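S.K.: Just the structure for this:
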Amino acid sequence: MPCDILIRNGLLIDGTGSPGTVADLAVADGRIAAIGRNLAGDATRLIDATGLAVTPGFIDIKTHSDFTLPINPKAEIKVRQGATTEIIGHCGFSVAPVLPGKVELLRDYLSPSAPWLPFREITFPDYLASFPATAVNAGMLVGHNTLRLMVMGMEARAPDAAELGRMIELLEQALDAGALGLSSGLFTAPGSYAEPAEMIALCNVVRRHNAGYFTHLRDESNKVLEAVEEAIAVARECGVHVEIVHFKCSGMDNWGKAARVLAMIADARRQGLDIDCDAYPYTAGSNPLKNLLPQWVQAGGVAKMLERLALAPTRERMRRDIARDGLNNWGRLPSWDCVQISVSPHLPQYAGRTIAQLAADRDQDPIDTVCDYLAEDLGATRVLVTSVSEDDVREIVRSPQALVGSDGNCVATYGTVSQGMPHPRFYGTFPRVIGHYAGELGLLPLAAAIHKMTGATARALRFADRGTLKQGARADIAIFDPADFKDRATYADPHQYPSGERTTVVVNGTVVVENATHTGALPGKVLRRARDGAVS
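M.R.: Numbering: from 1, shown residues only. Presented below is the predicted three-dimensional model:
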């Protein structure tokens, strides 16, 4: 039969968790047309996959590439890892909707995360309709923090009936347009001001639309168990799918708790609740530096925070709070050497330096250094925070409850988004799971690792025709050598693509990466959720 692409003699690992089998795969009109041994027919393009794995394209369930894809549409760091789909708008931070007169408010709020992104007044339906062509598929979430900013600003209180109604109206508009669900960032203002009742009210709307709820827990450190219980309660009361994103147990006092949380999730699933988590395979996380400070310091927005940080009583109270509780949402760390400047828009020369190093250079107490540095960088600094136990990382990687998400923006080795020193997970999440944890350490079989990145993720997202290799499915396909598919990005040198000179990636039937070289193609689609919840 005629086809656009014929992939021959690859080890087909279909995404269901089943072991791979050697077979051919034909692609026609953007879909998988046939799978079998010795397929006959004329092909426009023939790919010899002898000795290579052929898998569904990886689904990066947790990213913030809405901050970068519009200015970096080739998405090289994702497609060269085999990722063909990204889910964006997480942690309560979406770049839409933006109501009239609120552009500067959102730009200021997202400045540490999206310093280069232009903002404009836009509805969520128009945001979806105008999203630019990219190399990857993108599914969008609407952020609770953004909704709260639009309706209430940074008010540290519960919404009144009219304000809650307005948030629900904006949420309904996004879900009607095809948003995959609602994201929350209950760890930082203004999301942290929301009581559980507010999230229940919003998630009841999510359920009516057969959408999902994706939550950055209220606490990933000293109260992580209570925060997981809160997420499970939403699944129980609202009947929605709940995704606990970038799950971790942060801070020395919480190392070893990962197994308990995974058991809580497994027990909830046995009770019939629809709940998952995802994680990236690294011991460091990333966040705006301001978010590490006690929440009372952050109240009222960046300008008010910077005013407080100039005051000696603020600094003294911060010292006491951090000595007692550790960093907000991160817990107690061994030292300030564990906090490294990642992206610093106004002080780029300090990327890669730790707070401890800067404090020593300035002959200061580290708290004073943090306060002064934030003022100098206008509150826009992002940092890497090494706060997780490697044993917990391994516990999560091997768990069938845990999916894989990079939590990584789609940056690049060139251009505007090459600035700074981002987390190596941006470039290396998927090959790190496959090459290091499955390959070198043998924590899980290759087929199980692929399942966590494809079929299991597609089930959680209710994808109609992506995530598995089967006839009729969308032709999102990754081809790579499992023995030569390793992450090379490091904390000291993060802008490095993974190894694998034969890596080839197909998105919607179009070759985007051929033998580790980007073709320039931009065949990605904006994925939308239908009324029955199916996403295509």
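S.K.: CA atoms for contacts and neighbours, from now on please.
M.R.: OK.
S.K.: next SSE after the longest helix along the chain?
M.R.: For the chain, the helix that runs over the most residues, judged by DSSP state H, is helix 161-177. Sequence-wise, the next helix or strand downstream of helix 161-177 (DSSP states H and E) is strand 181-185.
S.K.: ok, residues contacting that following strand?
M.R.: 89-93, 140-145, 171, 175, 191-192, 203, 206, 211-218 (Cα atoms under 8 Å, 6 or more residues apart in numbering).
S.K.: Of all the residues in the next helix or strand after it, which ones are buried?
M.R.: Per DSSP H and E, strand 181-185 leads on to helix 196-208 as the next helix or strand towards the C-terminus. In terms of neighbour count (16 or more other Cα atoms under 10 Å), helix 196-208 has its buried residues at M199, I200, L202, C203, N204, V205, V206, R207, R208.
S.K.: Pick the one among those residues closest to L292.
M.R.: M199 (23.4 Å; Cα to Cα).
S.K.: Mind pulling the model confidence for the nearest residue to the closest one once chain neighbours are set aside?
M.R.: Spatial nearest neighbour of M199, chain neighbours left out: V234 (7.9 Å); criterion: Cα to Cα, 6 or more residues apart in numbering. pLDDT for V234: 98.
S.K.: any idea how far V234 lies from D4?
M.R.: Applying Cα to Cα, to the nearest Å, the value for V234 to D4 is 46 Å.
S.K.: out of the two, which sits in the busier spot?
M.R.: Between V234 and D4, counting by other Cα atoms under 10 Å, V234 is the more crowded of the two (23 against 18).
S.K.: and the helix or strand K304 falls within, how far out from the chain's middle?
M.R.: According to DSSP H and E, K304 maps onto helix 302-309. The chain centroid and the centroid of helix 302-309 are separated by 28 Å under Cα atoms, centre = their mean, to the nearest Å.
S.K.: what residues does that helix touch?
M.R.: 108-109, 297-299, 314-315, 371-372, 374-375, 378-379.
S.K.: Let me have these in a markdown table, extended by neighbour count and pLDDT.
M.R.: Converted to a markdown table, the contacts of helix 302-309 look like this (neighbours: other Cα atoms under 10 Å; pLDDT from 0 to 100):
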| residue | neighbour count | pLDDT |
| --- | --- | --- |
| D108 | 17 | 90 |
| Y109 | 21 | 91 |
| V297 | 22 | 93 |
| Q298 | 22 | 89 |
| A299 | 19 | 85 |
| T314 | 16 | 96 |
| R315 | 18 | 97 |
| C371 | 22 | 97 |
| D372 | 16 | 97 |
| L374 | 21 | 97 |
| A375 | 19 | 96 |
| L378 | 19 | 94 |
| G379 | 27 | 94 |
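S.K.: Mind putting these into CSV with distance to A135 and secondary structure?
M.R.: Below are those laid out as CSV (distance: Cα to Cα, whole Å; DSSP: H, G, I helix; E, B strand; the rest coil):
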residue, distance to A135, secondary structure
D108, 29, helix
Y109, 28, helix
V297, 40, helix
Q298, 37, helix
A299, 38, coil
T314, 47, helix
R315, 46, helix
C371, 40, helix
D372, 40, helix
L374, 35, helix
A375, 37, helix
L378, 33, coil
G379, 32, coil
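S.K.: So the residue nearest to M199, which state does it fall into?
M.R.: helix (DSSP: H, G, I helix; E, B strand; the rest coil).
S.K.: circling back to that earlier point, now, of the contacts of strand 181-185, which are buried?
M.R.: Here, 16+ other Cα under 10 Å leaves 89-93, 140-145, 171, 175, 191-192, 203, 206, 211-218 buried among these.
S.K.: Please give the element, helix or strand, for T215.
M.R.: T215 belongs to strand 212-216, assigned by DSSP H and E.
S.K.: Using PDB, write down the CA coordinates of that strand.
M.R.: Extracted C-alpha coordinates of strand 212-216, given in PDB (Å, rounded to 0.1, in the frame of the first residue of the first chain):
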ATOM      1  CA  GLY A 212      -9.200  17.800  34.800                       C
ATOM      2  CA  TYR A 213      -7.700  19.500  37.800                       C
ATOM      3  CA  PHE A 214      -3.900  19.800  37.900                       C
ATOM      4  CA  THR A 215      -2.500  21.000  41.200                       C
ATOM      5  CA  HIS A 216       0.800  22.200  42.600                       C
END
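S.K.: Quick one: work out the angle between that strand and helix 196-208.
M.R.: 150 degrees (axes from the mean of the first three to the mean of the last three Cα atoms, to 10 degrees).
S.K.: and strand 212-216, what other elements does it pack with?
M.R.: Under the contact definition 3 or more Cα pairs under 8 Å, 6 or more residues apart in numbering; DSSP states H and E, strand 212-216 sits against strand 181-185, helix 196-208, strand 241-244.
S.K.: Output those in TSV; the columns should cover distance to R270 and mean pLDDT.
M.R.: Listed next are the helices and strands packed on strand 212-216 as TSV, based on distance: least, Cα to Cα, whole Å; pLDDT from 0 to 100:
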stretch	distance to R270	mean pLDDT
strand 181-185	24	98
helix 196-208	20	98
strand 241-244	14	98
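S.K.: I'd like to know which of those is closest to I275.
M.R.: Using Cα to Cα, the helices and strands packed on strand 212-216 put strand 241-244 closest to I275, at 4.7 Å.
S.K.: Can you tell me the strand partners of that closest one and which way each runs?
M.R.: strand 212-216 (parallel), strand 275-279 (parallel) (DSSP bridges).
S.K.: neighbouring contacts of that strand?
M.R.: For strand 241-244, using Cα under 8 Å, 6+ apart, the contacting residues are 211-217, 231-232, 234-235, 273-278, 460.
S.K.: Equivalent analysis for stretch 332-352, please.
M.R.: 115, 251-253, 322, 325-327, 353-357, 366, 376-378, 380-387, 419-423, 491-492.
S.K.: Also stretch 96-115?
M.R.: 67-68, 93, 95, 119-124, 127, 142, 146-147, 149-150, 153, 170, 288, 301-302, 345, 379-382.
S.K.: Mind checking which of those residues land in helices?
M.R.: Per DSSP H, the contacts of stretch 96-115 map to helices at F124, Y127, T146, L147, L149, M150, L170, V302.
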